[in-house]
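Participant: Give me the fold of what follows.
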Amino acid sequence: MREVATTGWAGLGFVLDDLRAVRETIGYERLAEEIADAGLRHVEVELCSGWWKAPDGAWRGHWTELLEAAQALDAAFIKVGTDSGPADDVEPFVAPLRSLAEEAESHGTKVALEPLPFGMIASIPQGAELIRRVDHPAAGLIVDYWHVFRAGTSLEELRSTLTADQVFGVELCDADETVVGSLFEDTRDNRQLVGEGSQDVAGFIDTMKAVGYDGAWGVEILSSAHRLRPLGEALEVARDSALTAFGPV
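Facilitator: Modelled structure (predicted):
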């Protein structure tokens, strides 16, 4: 926690495997204390998939674990995704996502869907349509720029599709113009620091501001090269490079 805070970050996120390790060692109460002591203000937890399937399916256990962690850590939201797709109609997802939103709200948090270009909900416009139909204040979207440009969504489409209340989080990165390997391999191993790829990150930031987004800006550099950096260096270069896209303060 200290390294995250001392390199200038305001928050952090935990995947389910992280949370299980915490629960089995120091526990959530101790982790929450360390987050507060470090001065971090924003926490996210992830990821649940399969939530649109049978109510008693394997996903339910994952969701229950994430609800417990979100409540204990005062997480801003629980991130969810979908399986490989695509789905032609969002209607089968409406009632299940509304149910998740109701549960999340009862635990003091929200549920945030991240559309993935290789997923069933494959683009931000499709995700925005789903959130409109769900029509619950605790259901929203994560807008990850990698998934925006790899899905072929234009910045103008974002402006015309999104409303500020739908966006719970935004994630920044950069990447080359062309995909290397599969979409999943590219998103997992080939993201680049902001400014080192060919994407219009500054334009994306301006677009999200124009939509009315004023929440936390995350940086997600999933990269084979980035994973080799020492923790402090990785945190520092990810933050500093991302800040260049915001222009002069």
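
Participant: Quick test: name the residue nearest the centre of the protein.
Facilitator: I142 (4.9 Å; Cα atoms, centre = their mean).

Participant: Show me which parts of stretch 241-249 are buried, residue by residue.
Facilitator: When neighbours are counted by 16 or more other Cβ atoms under 10 Å, the buried residues of stretch 241-249 are found to be 241-242, 245. C-betas here are computed from N, CA, C, even on glycine.

Participant: Residues contacting that stretch, please?
Facilitator: Counting by Cβ atoms under 8 Å, 6 or more residues apart in numbering, stretch 241-249 makes contact with 172, 193-196, 201-202, 205, 217, 219, all of which sit outside it.

Participant: If we use 7 Å, what do you get?
Facilitator: Taking contacts as Cβ atoms under 7 Å, 6 or more residues apart in numbering, the residues outside stretch 241-249 that touch it are 172, 193-195, 201-202, 205, 219.

Participant: Quick check: mean pLDDT of that stretch?
Facilitator: Along stretch 241-249, the predicted confidence averages to a pLDDT of 90.

Participant: any low-confidence regions in this protein?
Facilitator: 249 (pLDDT under 70).

Participant: and the gap between A76 and K53?
Facilitator: According to Cβ to Cβ, to the nearest Å, A76 and K53 sit 26 Å apart.

Participant: between those two, who's got more neighbours?
Facilitator: Neighbours per residue (other Cβ atoms under 10 Å) separate A76 from K53, with A76 holding more: 21 against 14.

Participant: Looks like that one contacts E46 (just checking).
Facilitator: No. Because the distance of 11.5 Å does not satisfy Cβ atoms under 7 Å, A76 is recorded as not touching E46.

Participant: where along the protein do the helices fall?
Facilitator: Under the criterion DSSP state H, helices of the chain are mapped to 2-6, 16-24, 28-37, 59-73, 91-106, 124-134, 145-150, 155-161, 183-189, 201-211, 224-227, 231-243.

Participant: need those in a markdown table with distance to S84, can you?
Facilitator: Putting those into a markdown table (distance: least, Cβ to Cβ, whole Å) gives the following:
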| stretch | distance to S84 |
| --- | --- |
| helix 2-6 | 32 |
| helix 16-24 | 19 |
| helix 28-37 | 32 |
| helix 59-73 | 15 |
| helix 91-106 | 15 |
| helix 124-134 | 15 |
| helix 145-150 | 14 |
| helix 155-161 | 23 |
| helix 183-189 | 9 |
| helix 201-211 | 25 |
| helix 224-227 | 22 |
| helix 231-243 | 28 |
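
Participant: Done for today, thanks.
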